[in-house]
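1. sequence-free structure coming up:
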């Protein structure tokens, strides 16, 4: 069958000196494929606000946008996420088969395709795999002098990018792509050292040990100049900046000239002013997603808007009308169930006999979970009512966080039943839903009226497949 071609042009950051990047998505599958990508955001890694979604079946889509420098773009094809470093004047093509074809249903073509594929196979995987070698060097040499530990860590971080030099020698990667990719990987691994530093050197430790830890981090930061413009294009940049300026602030707490732009984010004051708008704005954006009912949000957002009137975040914050929503409050519709100590099947059978049940597994610290809550509108609840499905929200927060969980759950105005999992229920969920492996949330679990488990990984409410699959199951 001949593939029809149509185009979607996304012209972003139109300015002198910018060149066009072209993404081609060729879908060979008869099934509808959903593609989503985050547009480059003013020279920084990506935008959390501006996402483009495309749905196609057995056809092609062309997406164009403009860049002044190589920038990472996050692309999601169905449930497969790719971090793509787009070079200036790049053309990258995705050949997409049906997901049923197995692990190789997506093929990427372009002048840097080997680098894109290898990077995503290693560094776009769960943290545990990509950080193993650095963690081992850190833990094996923890008793060494700080200067020796620092040197060994830097050597290991640099060893991790040797494959890029090999591709460059074979001319299978462009020079600019190579440099930006090295910066990304170094910043990912250096940020991880920052997490290890917090665990071993900072929290609850004596002052001398803290300062040694800070010396370690300043040595690690020497492998990338935090003010290097290349770093701003990396996905790891926000975490890297956060760690760098936090350490810098801790080492110089006595400097009176520091401008305290925010009590919650004081270390951002160490950043140049042209970075503060992004770092502080991005932190506020995340806080509004994770803690929408936090009373501090009103003051912080107002302060930000006054300080950075031209920031893209400012126009976004103004549309949220944060202060007015906090003043008016929200009436909760959730019914809290006392925490139970029963396995998953016993919990469903005893609390919802002869009822269909959709369980939403979440936690107060889970950003994607909270984003999903924003999709739960009246039409969503009406559909569940029509299908006679009871909605249950089970938090996997630690029980010590119970007070905060209850406040947060009420603030999200969740309609249905809410509880926090005790030990037996938590263990049963890990065993039944996650096969005894790591818990990844949000996760949606569906039972029928006979108490039988229909799905341990049902579609997210934000998915276009959610309603159609619910209709198919409960006709």
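-> Good, I have the coordinates. This one's a predicted model, so the numbers in the text were calculated from it and none came from an experiment. Numbering: from 1, shown residues only.

2. could you chop the protein up by domain?
-> Domain segmentation of the chain under automatic domain parsing yields 5-110, 111-248, 252-329, 334-473.

3. could you export those domains as CSV, including mean neighbour count and mean pLDDT?
-> In this view, the C-beta of every residue, glycine as well, is placed from N, C-alpha and C. As requested, the domains of the chain are exported to CSV (neighbours: other C-beta atoms under 10 Å; pLDDT from 0 to 100):
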stretch, mean neighbour count, mean pLDDT
domain 5-110, 17, 73
domain 111-248, 17, 83
domain 252-329, 16, 66
domain 334-473, 17, 87
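
4. what does the helix or strand harbouring residue 81 rub up against?
-> Using DSSP states H and E, residue 81 sits within strand 80-86. Outside strand 80-86, the residues that touch it by C-beta atoms under 8 Å, 6 or more residues apart in numbering are 21, 23, 40, 67, 70-76, 92, 106, 108, 112, 115-116, 119-120, 123-124, 177, 180-181, 184, 235.

5. quick one: which of those residues sit in helices?
-> Among the contacts of strand 80-86, DSSP state H puts 115, 116, 119, 120, 123, 177, 180, 181, 184 in helices.

6. what distance do you get for the last one to residue 190?
-> Spelled out, that is residue 184. 11 Å (C-beta to C-beta, to the nearest Å).

7. now residue 385
-> Here the criterion is C-beta to C-beta. By it, residue 385 lies 51 Å from residue 190.

8. repeat that for residue 152.
-> Distance, residue 152 to residue 190, by C-beta to C-beta: 14 Å.

9. just the strands in the stretch 51-200 of the chain please.
-> With DSSP state E, counting those that start in this stretch as the definition, the stretch 51-200 of the chain shows strands at residue ranges 51-56, 60-67, 71-77, 80-86, 91-96, 106-109.

10. nearest to residue 474, of those?
-> strand 51-56 (24.4 Å; C-beta to C-beta).

11. run through who's touching that closest one.
-> Here strand 51-56 makes contact (C-beta under 8 Å, 6+ apart) with 8, 10, 25, 27, 32-39, 61, 63, 464.

12. would it be right to say that residue 462 lies in a helix?
-> No: using DSSP: H, G, I helix; E, B strand; the rest coil, the assignment for residue 462 is coil, not a helix.

13. list the contacts for it?
-> Taking C-beta under 8 Å, 6+ apart, we find residue 462 in contact with 371, 372, 375.

14. what helices or strands is whichever strand or helix holds the first one leaning on?
-> What that stands for is residue 371. Assessed by DSSP H and E, residue 371 sits inside helix 367-373. Secondary-structure packing of helix 367-373 (3 or more C-beta pairs under 8 Å, 6 or more residues apart in numbering; DSSP states H and E): helix 273-290, strand 356-362.

15. would you turn those into JSON lines with distance to residue 144?
-> Listed next are those as JSON lines, based on distance: least, C-beta to C-beta, whole Å:
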{"stretch": "helix 273-290", "distance to residue 144": "33"}
{"stretch": "strand 356-362", "distance to residue 144": "42"}
